[in-house]
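**Q** here is my input, please return the structure:
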Amino acid sequence: NNVTDEDRLTPGSLSKNLLTGLLRGELGFNGLIMTDATLMTGFGAHGRREDLVPMSIANGNDMFLFTKSALEDYNFMLNGYKKGIITDERLNDALDRILGLKAHQKLNTNDNLVPGEVDKIGASEHKAWARKIADEGITLVQDNQGLLPLNKNKIKKIGIIPLGWDNDLFSLIASSKSLPLVVRLALKCKKPAPKKYQKFMEKMSREGFIFEEIDHTDLLLGMKQISQSIE
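**A** Numbering: from 1, shown residues only. All right, here's what the predicted structure looks like:
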């Protein structure tokens with residue numbers, strides 16, 4: 001499958017070339033495809049949500065993950081169908097896969113879909129599975145800086161920013177009450193003054209960190225693009 005410049009800038013959940021061409025066509029995947037979280041900046045910054053919602057299904061996804069307003073997204077999807085963005089063939093194909101998966105899991109016959117023993121949620125066994133999945137799911141796409149394998153003589157310290165602990169940014173975003181606050185904070189985010197920024201990088205380097213400058217431009221543009229939909 002030829003990868004175009006447009007494909008490189010398009011989120012995977014919106015790429016017809018990736019979903020239909022590669023995954024369905026070349027690799028022969030016949031299962032259900034679901035979008036990535038659609039409230040994330042990468043998805044929302046690609047255009048207007050009213051266009052992106054139907055586009056995600058039209059380009060090959062069968063199910064849609066996360067919504068701020070189910071009614072709003074339903075109407076976006078319905079309008080996309082009326083405009084011909086989603087064809088009857090694509091819609092029926094998605095429905096067949098969704099209903100087929102539900103039937104395979106016997107969701108159409110099981111009246112007790114919620115486990116009775118709530119205390120099993122977050123059990124140590126489940127956490128062990130999560131750690132194993134995380135360890136085995138790490139993939140090196142490219143190593144342009146030549147950092148791997150790690151050289152203990154060169155790299156003395158590694159900074160880790162955890163995603164998944166109780167007070168991380170995703171936890172704030174998951175709360176609809178906190179979401180507007182997170183957006184406002186992100187929009188006010190500005191790069192420090194050059195001298196202050198340089199001193200910070202020098203200090204981190206002296207302490208053994210390999211420091212790479214982070215450009216906030218994409219974040220700011222993305223948050224501005226999706227602010228109308230999520231505020």
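
**Q** flag the shaky bits of this structure, pLDDT-wise.
**A** 1-7, 110-119, 156-192, 197, 204, 207-231 (pLDDT under 70).

**Q** burial of residue 51, as a residue count?
**A** When neighbours are counted by other CB atoms under 10 Å, residue 51 registers 16. From N, CA and C alone the C-beta is placed, and that goes for glycine too.

**Q** one more: residue 21?
**A** 18.

**Q** that one falls within a helix, correct?
**A** Yes. Counting by DSSP: H, G, I helix; E, B strand; the rest coil, residue 21 is part of a helix.

**Q** could you measure from it over to residue 60?
**A** 9 Å (CB to CB, to the nearest Å).

**Q** same thing with residue 42?
**A** On the measure of CB to CB, residue 42 and residue 60 end up 17 Å apart.

**Q** so what does the longest helix anywhere in the chain touch, helix or strand wise?
**A** In the chain, ranked by residue count with DSSP state H as the criterion, the top helix is helix 88-104. Helices and strands touching helix 88-104, as assessed by 3 or more CB pairs under 8 Å, 6 or more residues apart in numbering; DSSP states H and E, comprise helix 49-58.

**Q** just checking, what packs against the helix it packs on?
**A** helix 70-82, helix 88-104.

**Q** out of these, which one sits most buried?
**A** With neighbours defined as mean count of other CB atoms under 10 Å, the helices and strands packed on helix 49-58 peak in mean count at helix 70-82, which reaches a mean of 15.

**Q** and residue 57, how many neighbours?
**A** 22.

**Q** quick check: it touching residue 78?
**A** No. At 11.5 Å, residue 57 does not count as touching residue 78 under the criterion of CB atoms under 8 Å.

**Q** what does the longest helix of the chain rub up against?
**A** For helix 88-104, contacts defined as CB atoms under 8 Å, 6 or more residues apart in numbering pick out 31-33, 57-58, 61-63, 81, 108.

**Q** buried among those residues? Make that a PyMOL selection.
**A** Command for PyMOL that selects the buried part of those, burial taken from 16 or more other CB atoms under 10 Å:
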select buried, resi 32+33+57+58+61+62+81
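
**Q** of all pairs in the contacts of helix 88-104, which one is the farthest apart?
**A** 58 and 108 (27.0 Å; CB to CB).

**Q** which strands and helices sit next to the helix or strand harbouring residue 42?
**A** Assessed by DSSP states H and E, residue 42 sits inside helix 41-44. Secondary-structure packing of helix 41-44 (3+ CB pairs under 8 Å, 6+ apart): helix 217-230.

**Q** ok, which of the helices and strands packed on helix 49-58 comes nearest residue 195?
**A** Of the helices and strands packed on helix 49-58, nearest to residue 195 by CB to CB is helix 70-82, at 45.6 Å.

**Q** show residues contacting the closest one.
**A** 49-51, 53-55, 57-58, 64, 67, 86, 91.

**Q** got the angle for that helix vs helix 88-104?
**A** Helix 70-82 and helix 88-104 are oriented at 130 degrees to each other (axes from the mean of the first three to the mean of the last three CA atoms, to 10 degrees).
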